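K.L.:
Build me a structure from this.
(chains A and B)
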Amino acid sequence: MDRDTIISCRDVSFRYDTDSGEEEQKAVKNVTVDIQRGSFVVILGRNGSGKSTLAKLMNGVLIPQSGFVTVAGYRTDEEENLFPIRRHVGMVFQNPDNQLVSNVVEEDVAFGPENLGIEPSEIRKRVDRALETVGMKAFASHSPHKLSGGQKQRVAIAGILAMKPECIIFDESTAMLDPRGRREIMDTILRLNRNENITVVLITHHMEEAVMASRVIVMEDGSIVRDGDPKTIFSDVPFLHEAGLDAPQVTELIHLLSEDPVLSERFSFPKGILDEEEAARFILKLFGKELYGRNQIGARLV
Amino acid sequence: MLKDITLGQYFPGNSVLHRLDPRMKILLMLIFVVLVFFANNLLSFLYLLLLVIGLIFLSRISFTVVLKGLKPILLISLFTALINLFWTGGEVPLLSLGFLKIYPEGIWRALFMIARIVSLVAGTNLLLSYTTSPMEMTDGLERLLSPLKKIKIPVHEFSMMMSLALRFVPTLVEETEKIINAQKARGADFESGNLLRRAKALTPILIPLFISSFSRAAELAVAMECRCYAGGEGRTRMKQMKLTLRDLSVFLILSALFLAIIGIARIPFPLSVSL
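P.N.:
Purely as a prediction, here's the structure:
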């Protein structure tokens, strides 16, 4: 394993136990994947595709039945490694209410470093810095249950940050939030990845979030079916639909236009348009031949 | 309706009581609880109420909050008062309705009972739950009880459980309200019928609440493990607990004021009732 890899899964399979004793379908089947340090990886897939299970295998919450996972060189199937693994890889869950342990924001953030046995003065510093990074400094002495969903989730992120992990896994952390909360969390995640150089693994089913990633992994039925940069993944809209996913709205729009026989004959359609501005330019090119001179916005864009 | 429950809730602040060392607060609370039972005459009960009002000022918690905190005990204090009103014997009945006779002693006794329950709950709320964050409270309790660790009593685990329970009070209250509304939307009726029927009507609230609490607990356990929680051993604290001279003097002054009840209770006063 090279030094740039933080998490590596080798031929990993996992199956949940059922109460009735009958064999459950494997949730994750023979997955081999490496996560590079400093990257921003999004794992996509419909419900039951095994994406959440894969995330839980990545920091030792679940232990694979076959194959193995290493985190920063530690194997997750060895009990004594769990502590160091969780120091390297933190995890933020879906429901912010179920991961906050204290009635006071800053005490909750301090929970992780306290468990690590860090000096009180150092904990104080880490807590202040973590709250500042997620923009929740002003709420340090507030009670979490009075905060909005997005704010609570930012506190949960701060709680992980204070442990100074190299990598954070977000297990559908935006799923329970309203659009505004989602944007807050996405901004925070991007900042962590770019400014703090923290490796991010984001499990989601919101395509707009996947667009910002440096790498997108698509899962179906417990296996990885696609793995590449967002542009490549999203250029194949029919495949996404087959996997039970949508493309980002603009990509979907351009795809629909390209299916029009008249238009597709006259124009060559670019693949994988992800960005609204890019899409707007292209649409203007389609319809805008006569608009050029007359329309100011058109003139500016084209 | 459930939103009004403030029992066991912390109100962040920076008052004398907020800053007092939690260990001192726990001890003060114990002293207070014991001494409430020494009050036996009008004078000592007035003094008790004075103490509670004093605590309200010291904690800078608003009166309305304290009153709201008393709501849950409204029924119990009324019930106790009524029993004492009718079942206290005396010499000259004030009022007599058939077999029910009300004596002046009964009235006093009923009033004293209300005063006792109210000051008991308000006092402990002010000294501890309103002014101490759950983390501080468990820390304090853990340190106070730490000698018990030597005889293998899981003090840390116990205090952790307590603070988590307190942390989840508002969350579960919210959840209960959601479930009630969901069941009402499906035509559930919680308001009519006799007591038995109404108790039965609670089943569709309690079962979902239990199930969701269990799954919450499971998720919380995983989240705590992911944050490297492994029990009390090797844990440090961000907020170190150090007894300052200030803590000690506040403790001494308050406990002296509390202890004064014993003295006041001994002053012969016309309106005294042996309780």
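
K.L.:
what comes into contact with stretch A:220-233?
P.N.:
Applying CB atoms under 8 Å, 6 or more residues apart in numbering or on different chains, the contact partners of stretch A:220-233 are A:25-31, A:33, A:42, A:45-46, A:49-50, A:53, A:210-219, A:236, A:239-240, A:243-244, A:271-272, A:274. (Each C-beta comes from the backbone N, C-alpha and C, glycine too.)

K.L.:
for that stretch, how far is the first residue from the last?
P.N.:
One end of stretch A:220-233 sits 14 Å from the other (CA to CA, to the nearest Å).

K.L.:
ok, now stretch B:145-154?
P.N.:
Looking at stretch B:145-154, the gap from its leading to its trailing residue is 10 Å under the measure CA to CA.

K.L.:
starting at the chain centroid, how far to it?
P.N.:
A distance of 25 Å separates the C-alpha centroid of stretch B:145-154 from that of its chain, computed with CA atoms, centre = their mean, to the nearest Å.

K.L.:
before we move on, what about stretch A:36-53?
P.N.:
7 Å.

K.L.:
Does it reach chain B?
P.N.:
No - contact between stretch A:36-53 and chain B is absent, the nearest approach being 12.0 Å (criterion: CB under 8 Å from any CB of the partner chain).

K.L.:
Next, the buried residues of that stretch.
P.N.:
A:36-45, A:49-53 (16 or more other CB atoms under 10 Å in any protein chain shown).

K.L.:
now swap in stretch B:92-102 and tell me
P.N.:
Within stretch B:92-102, the residues scored as buried using 16+ other CB under 10 Å are B:101-102.

K.L.:
Keep only those of the contacts of stretch A:220-233 that are in helices.
P.N.:
Judged by DSSP state H, the subset of the contacts of stretch A:220-233 located in helices is A:53, A:210, A:239-240.

K.L.:
which ones are touching A:Ile169?
P.N.:
Residues in contact with A:Ile169 (CB under 8 Å, 6+ apart) are A:55, A:58-59, A:89-92, A:201-203.

K.L.:
could you redo the last one with a cut-off of 7 Å?
P.N.:
With contacts defined as CB atoms under 7 Å, 6 or more residues apart in numbering or on different chains, A:Ile169 is in contact with A:55, A:58-59, A:89, A:91, A:201.

K.L.:
Repeat that for A:Ile6.
P.N.:
Applying CB under 7 Å, 6+ apart, one finds that A:Ile6 lies in contact with A:35, A:37, A:71-72, A:166-167, A:199.

K.L.:
Most widely separated two among these?
P.N.:
Largest separation among the contacts of A:Ile6 by CB to CB: A:Arg37 and A:Val71, giving 11.8 Å.

K.L.:
Pull the distance from stretch A:136-148 to the chain's centre.
P.N.:
Averaged C-alpha coordinates place stretch A:136-148 at 24 Å from its chain's average position (CA atoms, centre = their mean).

K.L.:
Flag every buried residue along it.
P.N.:
A:136-137, A:139-140, A:142-145, A:147.

K.L.:
What of stretch A:172-189?
P.N.:
Along stretch A:172-189, these residues count as buried under the neighbour rule (16+ other CB under 10 Å): A:172-174, A:176-177, A:181-182, A:184-186, A:188-189.

K.L.:
returning to what we had before: so which of the contacts of A:Ile169 comes closest to chain B?
P.N.:
The shortest approach to chain B among the contacts of A:Ile169 belongs to A:Met91, at 4.7 Å (CB to the nearest CB).

K.L.:
Quick one: list the elements packing against whichever strand or helix holds the closest one.
P.N.:
Element membership for A:Met91 (DSSP states H and E) is strand A:89-92. Under the contact criterion of 3 or more CB pairs under 7 Å, 6 or more residues apart in numbering or on different chains; DSSP states H and E, the helices and strands touching strand A:89-92 comprise helix A:149-161, strand A:167-171.

K.L.:
Indicate whether the helix or strand that that strand is followed by makes contact with chain B.
P.N.:
Following the chain from strand A:89-92 toward its C-terminal end, the next helix or strand by DSSP H and E is helix A:105-116. Yes - contact between helix A:105-116 and chain B, assessed by CB under 7 Å from any CB of the partner chain, occurs at A:107, A:110-112, A:114-116.

K.L.:
most surrounded residue in these?
P.N.:
A:Gly112 (30 neighbours; other CB atoms under 10 Å in any protein chain shown).

K.L.:
List, one by one, the residues from the stretch 51-200 of chain A near chain B.
P.N.:
With CB under 7 Å from any CB as the criterion, the stretch 51-200 of chain A meets chain B at residues A:59, A:61, A:83, A:86-87, A:90-91, A:93, A:95, A:97-99, A:101-104, A:107, A:110-112, A:114-120, A:123-124, A:127, A:141, A:143, A:145, A:159, A:163.

K.L.:
Off-centre distance for stretch B:224-234?
P.N.:
For stretch B:224-234, the separation from the chain centroid amounts to 30 Å (computed by CA atoms, centre = their mean).

K.L.:
ok, now stretch B:175-192?
P.N.:
In terms of CA atoms, centre = their mean, the centre of stretch B:175-192 is found 28 Å from the chain centre.

K.L.:
So what touches that stretch?
P.N.:
B:2, B:198, B:201, B:204-205, B:208-209, B:212.

K.L.:
ok, 6 Å please
P.N.:
Under the criterion CB atoms under 6 Å, 6 or more residues apart in numbering or on different chains, residues B:2, B:201, B:204-205, B:208-209 lie in contact with stretch B:175-192.

K.L.:
Same check on stretch B:133-144?
P.N.:
With contacts defined as CB under 6 Å, 6+ apart, stretch B:133-144 is touched by A:102-104, A:107, B:10, B:22-23, B:26, B:155-156, B:159, B:162-163, B:166-167.

K.L.:
and which of the buried residues of stretch A:136-148 is nearest to chain B?
P.N.:
Nearest to chain B among those is A:His145, at 4.3 Å by CB to the nearest CB.

K.L.:
Report the secondary structure state of A:Cys9.
P.N.:
strand (DSSP: H, G, I helix; E, B strand; the rest coil).

K.L.:
Now for the buried residues of stretch A:136-148: which two are most distant?
P.N.:
Pairwise distances across those peak at 19.1 Å for A:Lys137 and A:His145 (criterion: CB to CB).

K.L.:
picking that back up, quick check on the contacts of stretch B:133-144: which are buried?
P.N.:
Looking at these with 16+ other CB under 10 Å, the buried ones turn out to be A:102-104, A:107, B:10, B:22-23, B:26, B:155-156, B:159, B:163, B:166-167.
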